[in-house]
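Colleague: Using only what follows, build the 3D model:
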Amino acid sequence: MAAPRRLIVCLNILRSSARALMSSRKPAVHKPGKLTSILYTSVASLSVGALCAIPFRQAETLSHDALIRRAASLATDSSSTFLSQTTLALIDAITEYSKAVHVLIALQKRYLESLGKLTPAEEDQIWQVIIGQRAQVNERQDEFHRFESTWMSAVKLCETAAEAAYASGADHASVTVRTNIQVARSQVEEAQKLSADADKKLAAAKVMEVKRMAQHATASRSNDDEEDVPEAYLRED
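Modeller: Residues are numbered from 1 along each chain as shown. Purely as a prediction, here's the structure:
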């Protein structure tokens, strides 16, 4: 009711101002074209400005429940985006770690097959490559675990957002984010199978390494041609 009253008052003031301006002019001089046009233009501009300045309430306001549901939906959207990005980063990290492990396994196999066939310089060169690859495996593993921790935080955030959305009545948003969690978990589990398989093969390669090194040492002693095995190679990872 206050807004319409202010509008009426403003219009009355504008009309009074217009009549005062028109009555202040001499009645004998009538140039309605230019003067009237300027006056009406000024009045129209003032009227538009006055109307824009008056705060009108929306005919249909949102309730607190509606605003909470909208906010909950936004929370599920942002948390789903966070989950999507961390899932992609984790899968890439797992893939790169698995590749690095397979390269290390191949290098170790090549080294063991070459025992007794290489010069000390060639053997040392291969060993330096193996050391560098082991460092890369450790680096990829650290990155893998770092993204895994962030991904788990994203999953928890999505679960909290889903619960909040359900409690506020935003059922569709809650169902959507829970579906996103299931998809993300499925994708990560598939990627983790790759890393688990790589770890399994690396463990088997280490067992084979110990056996081959023992056989090589025995053969060297029996032939009185024992060669020093690089001390760094015998160190544990």
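Colleague: can you give me the helices in the protein?
Modeller: 2-23, 37-53, 64-113, 120-168, 171-222, 231-234 (DSSP state H).
Colleague: weakest of these by average pLDDT?
Modeller: Confidence, taken as mean pLDDT, is least for helix 37-53 of those (a mean of 42).
Colleague: As CSV, the helices of the chain with mean neighbour count would be great.
Modeller: C-beta: built from backbone N, CA, C; applies to glycine. Output for those, formatted as CSV (neighbours: other Cβ atoms under 10 Å):
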stretch, mean neighbour count
helix 2-23, 12
helix 37-53, 12
helix 64-113, 18
helix 120-168, 16
helix 171-222, 15
helix 231-234, 11
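Colleague: Which residues are in contact with Ser168?
Modeller: By Cβ atoms under 8 Å, 6 or more residues apart in numbering, the contact list for Ser168 reads 65, 68-69, 71-72.
Colleague: Could you rerun that using 10 Å?
Modeller: Contacts for Ser168 (Cβ atoms under 10 Å, 6 or more residues apart in numbering) come out as 65-73, 75, 174.
Colleague: Domain boundaries for the chain, per the record?
Modeller: Taking automatic domain parsing as the domain assignment, the ranges for the chain are 2-53, 64-234.
Colleague: Could you pull up the contacting residues of Ser98?
Modeller: Per Cβ under 10 Å, 6+ apart, neighbours of Ser98: 137, 140, 144, 191-199, 201.
Colleague: Can you pick out the most distant pair from the contacts of Ser168?
Modeller: Leu67 and Ser174 (17.0 Å; Cβ to Cβ).
Colleague: now, among the contacts of Ser98, which is nearest to Leu118?
Modeller: Using Cβ to Cβ, the contacts of Ser98 come closest to Leu118 at Val137, 23.2 Å.
Colleague: Which pair in the contacts of Ser98 has the greatest spatial separation?
Modeller: Val137 and Lys193 (18.2 Å).
Colleague: Ser195 against Val137, yeah?
Modeller: No. Taking contacts as Cβ atoms under 10 Å, Ser195 lies outside contact range of Val137: 11.2 Å.
Colleague: So Tyr97 is in contact with Glu143, correct?
Modeller: Yes. With contacts counted by Cβ under 10 Å, Tyr97 reaches Glu143, the gap being 7.5 Å.
Colleague: wait, what's in contact with Tyr166?
Modeller: Counting by Cβ under 10 Å, 6+ apart, Tyr166 touches 72, 76, 173-175, 177-178.
Colleague: Quickly note the distance from the nearest residue to Ser153 once chain neighbours are set aside to Glu139.
Modeller: Leaving out its chain neighbours, the residue that sits closest to Ser153 by Cβ to Cβ, 6 or more residues apart in numbering is Thr86, at 7.9 Å. To Glu139, Thr86 is 19 Å away according to Cβ to Cβ, to the nearest Å.
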